[in-house]
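In: Next come a sequence and a model predicted from it.
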Amino acid sequence: MNTVRETSSTSDAETGRPNWQTRAACLLLIVASMMVITARLADSPVMRSANDRSRWCTVWSIVERQTYQIDEIHNRPGWSTIDQVKHHDHFYSSKPPLLPRLVAELYRGLKLVTGWTLTEQTALVTRTLLFLINVIPMGIALVLFSGLIARTAQRAWTHLFIMTCACWGMLLLPFLTVFNNHTVAASCFFMVLPMAAQILVEGKKSGFRYFLCGVLAAFGVCNELPAALFGLALFCLLLADDAKKTLWWFLPGALIVLGAFFWTNYQATGSLKPFYSRYGTETYEFVHEGVPSYWKDPKGIDKPRDSTLTYLFHCTFGHHGIFSLSPIFLLTLGTWLSPPLYWHSRLKRFHLLGIVLSIVTLGFYLTKTENYNYGGMSVALRWMMWLIPFWLLSMIPLLDRLGHRIWFRLLSTLLLCVSIFSAWYPTNTPWAQNWIYQLMSQAKWIDYSDPAPKFLRKHYTWLGSLPDGELQTDYQITFQSPGLPGASQLIRLQDGGPVNAGERLILVGRNLPGSAELVETGYVFGVAQFRAGQPVEEFLLRRQDGTPPTAEDLAFFRGMPKRMQYVSSRIRYEKTELRRDAFRCHVGYTHTTGTGLNAFDFRVIRDVWYCEEVPFGVLKWEERIQDVQDRKPFSSQVWQAVSAGKFLPRLEHSPF
């Protein structure tokens with residue numbers, strides 16, 4: 001039988017080459033790993049990431065609405081996603097549509113057999129489909145890959161070590177519980193490499209192997225577009241080895257998949273190019289109903305901040321480093337840096353291909369300075385993970401050469417332990433920061449957080465602004481709160497016009513409990529004091545009748561029982577019934593504590609949605625009272641603007 005063996009001067013007896021026992025042990029490793037992954041899948045949260053939801057939205061839309069448009073489903077609570085684009089006034093997933101299209105057909109069959117739907121039995125459907133598209137293909141792929149290692153390695157220890165890495169130490173493993181393209185592509189390449197080695201090295205040149213190579217390589221490329229170089233290189237290698245079979249079998253298999261890729265792209269986008277090619281254009285950076293897309297101003301790690309050298313460091317040895325998170329690949333690097341180790345190997349072409357693909361892929365992403373985000377909120381540098389099969393294969397020469405030395409085995413085991421920890425540290429989702437990132441953040445060595453927006457002046461009141469000039473009869477706004485059952489509470493603010501120099505009359509109408517009639521009271525404000533951010537005691541000069549403001553008046557305009565400053569929190573876009581477009585709001589908050597009956601300690605919290613687009617600069621506020629000790633809420637009241645005399649223009653910079 002023609003088998004693949006690395007060249008070595010060591011005798012077979014001394015090396016202890018892989019036999020049926022090691023093959024059986026590796027099979028048990030694979031089965032155990034996939035069983036644990038399945039258990040994790042059954043316990044993992046569903047629809048927790050915008051990345052997942054983007055693809056699931058497409059699956060639902062294809063089956064339930066016969067379209068790639070996700071306009072309807074992404075508005076459903078729990079289904080929204082930032083990974084969307086706007087094209088011809090409709091929303092689409094930003095992900096290539098071929099994979100969701102195939103999963104949609106699986107979902108269609110599952111729905112037909114069980115009656116389950118994505119919206120009603122979300123967990124059952126998603127977990128079942130992920131088992132079918134992630135766990136089963138990866139298990140099959142690892143079995144095929146184990147066969148290649150067994151036929152190639154000169155030591156049983158090499159075989160066992162590499163398969164332990166593959167089953168327990170890959171950062172691909174956390175992604176098997178979510179809907180993603182990376183595990184699908186990697187599974188394809190784990191299968192392609194053994195088949196390509198059988199053709200090019202072992203001389204097993206059946207047409208079916210060529211065809212499967214074409215299908216799997218092309219499907220892997222369709223799920224990891226930078227892997228196109230591998231697809232082309234494999235085609236050239238096979239063409240040089242046997243042009244006839246490559247053209248008759250490999251090429252048709254690849255063209256079927258590529259044709260499906262471009263056809264689904266055309267169905268979804270009206271173009272052969274995926275939406276990825278439009279990153280940075282209005283397709284990604286749009287404003288819909290007053291709300292800008294996430295990609296107009298990405299946050300956190302999604303915002304490019306690092307220089308090229310810094311990015312290269314963190315991609316290799318830093319917080320998302322290939323070698324820091326998975327130090328087993330230092331063994332791969334050791335092989336690559338020692339050409340004599342692999343130069344005479346019969347798998348030399350695959351080792352060289354792994355080197356070239358790794359350098360080119362990393363170099364490609366280093367040129368994308370606008371995308372310096374390390375793959376976003378993720379446990380790994382996920383756009384490099386499709387190369388893991390090549391990296392594992394390249395360990396063989398070094399492990400064979402030094403695997404008989406105890407110190408090397410101990411060192412390799414230590415590297416494997418760290419890699420296993422990295423792979424299993426994220427307990428139920430890959431959409432989290434890895435342990436190195438967390439440690440570096442805690443030590444304040446890195447900081448990818450966005451500074452909180454700041455107020456331009458101090459705020460001691462929930463009012464955001466006052467009118468200017470002469471009396472403005474349309475400068476008014478009404479707020480409503482549900483109050484007691486069947487009895488809404490109302491507050492209306494209205495401009496009363498200027499009084500004396502620097503003074504403004506503000507009319508406040510409030511209804512009595514159980515009555516819809518508003519009782520109006522006028523208050524004279526000191527405009528300069530208000531705009532200077534002084535406390536309520538300074539700008540609330542008097543009542544309209546000339547009497548001083550009462551303690552209740554002061555508490556009403558503070559929104560707090562005592563003087564407290566509102567602190568800037570965040571920018572939010574709030575949709576209301578006032579209009580279709582959302583309002584841009586600058587949220588502020590404050591809180592204080594007090595003691596009630598029976599020495600009960602409570603905390604009063606108020607959040608205010610300041611908004612420059614409505615009269616008096618406030619759109620909404622919420623007040624909560626909770627127990628100081630256990631933070632259990634006792635009451636909550638929300639006041640929402642329900643009518644406005646006019647809308648003011650949105651300013652480029654917040655006036656607050």
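Out: On my side now, so go ahead. Numbers count the residues shown, from 1 in each chain.
In: and the protein, what are its domains?
Out: According to automatic domain parsing, the chain is divided into the following domains: 12-442, 476-644.
In: Could you say which of these is packed most deeply?
Out: Most buried of the domains of the chain, by mean neighbour count (mean count of other Cβ atoms under 10 Å): domain 12-442, with a mean of 19. To be clear about C-beta, it is placed using only N, CA and C from the backbone, and glycine gets the same treatment.
In: returning to that earlier point: and His459, which of the domains of the chain is closest to it?
Out: For His459, the closest of those is domain 476-644, at 4.0 Å, according to Cβ to Cβ.
In: downstream neighbour of the helix or strand where Leu212 lies in the secondary structure list?
Out: Using DSSP states H and E, Leu212 sits within helix 207-223. Going down the chain from helix 207-223, the next helix or strand is helix 228-241, by DSSP H and E.
In: Can you name the residues in contact with the helix or strand following that next one?
Out: Using DSSP H and E, the helix or strand that follows helix 228-241 in sequence is helix 243-245. Contacts with helix 243-245, where a contact means Cβ atoms under 8 Å, 6 or more residues apart in numbering, come from 205, 207, 210, 238.
In: Try it again at 10 Å.
Out: Counting contacts by Cβ atoms under 10 Å, 6 or more residues apart in numbering, the residues outside helix 243-245 that touch it are 199, 205-207, 209-211, 238-239, 251.
In: Helices along the stretch 151-300 of the chain, start to end?
Out: Using DSSP state H, counting those that start in this stretch, the helices of the stretch 151-300 of the chain run over 156-168, 182-200, 207-223, 228-241, 243-245, 251-269.
In: Actually, the stretch 501-650 of the chain.
Out: 527-531, 536-539, 551-558.
In: if we compare these, which one ends up closest to Pro226?
Out: Of all the helices of the stretch 501-650 of the chain, helix 527-531 comes closest under Cβ to Cβ, at 54.6 Å.
In: Which strands or helices does the closest one pack on?
Out: In this structure, helix 527-531 packs against strand 503-511, helix 536-539, strand 540-543, with contacts taken as 3 or more Cβ pairs under 10 Å, 6 or more residues apart in numbering; DSSP states H and E.
In: The nearest residue to Thr593 once chain neighbours are set aside: what's it in contact with?
Out: With Cβ to Cβ, 6 or more residues apart in numbering as the criterion, Thr593 has its nearest non-adjacent residue at 5.0 Å, and that residue is Arg603. Each residue near Arg603 by Cβ under 10 Å, 6+ apart is listed here: 591-594, 624-629, 631, 633-634.
In: so where's the protein uncertain?
Out: Applying pLDDT under 70 to the chain flags residues 1-15, 483-487, 514, 595-600.
In: can you tell me which of the domains of the chain comes nearest to Thr461?
Out: domain 476-644 (5.1 Å).
In: Can you give me the end-to-end span of the closest one?
Out: With Cα to Cα, to the nearest Å as the measure, domain 476-644 spans 6 Å from end to end.
In: and if you look at stretch 83-90?
Out: Note: stretch 83-90 ends 14 Å apart using Cα to Cα.
In: roughly how far out does it sit from the chain middle?
Out: Centre-to-centre, stretch 83-90 and its host chain are 18 Å apart (Cα atoms, centre = their mean, to the nearest Å).
In: Okay, and the beta partners of Glu574?
Out: Bridge pairing for Glu574 (DSSP bridges) gives the partners Phe583.
In: OK, contacts around it?
Out: For Glu574, the contact set (Cβ under 10 Å, 6+ apart) comprises 290-291, 582-585, 587, 609, 611, 619-620, 640-641.
In: at 8 Å what do you get?
Out: Taking Cβ under 8 Å, 6+ apart, we find Glu574 in contact with 582-583, 585, 609, 611, 619-620.
In: Asn265 too?
Out: Asn265 sits next to 96-98, 271-274 when contact means Cβ under 8 Å, 6+ apart.
In: Kindly indicate whether Lys454 is helix, strand or coil.
Out: Following DSSP: H, G, I helix; E, B strand; the rest coil, we place Lys454 in the coil state.
In: so who does the nearest residue to it once chain neighbours are set aside touch?
Out: In space, Lys454 comes closest to Ser568 once its chain neighbours are excluded; the distance is 5.4 Å by Cβ to Cβ, 6+ apart. Counting by Cβ under 8 Å, 6+ apart, Ser568 touches 452-455, 586-588.
In: Show me what Ser568 bridges to in the sheet.
Out: Applying DSSP bridges, one finds that Ser568 bridges with Gly588.
In: the longest helix in this protein is where?
Out: For the chain, the longest helix by residue count, based on DSSP state H, is helix 20-43.
In: That one relative to helix 156-168, how many degrees between them?
Out: Using axes from the mean of the first three to the mean of the last three Cα atoms, to 10 degrees, the inter-axis angle of helix 20-43 relative to helix 156-168 is 10 degrees.
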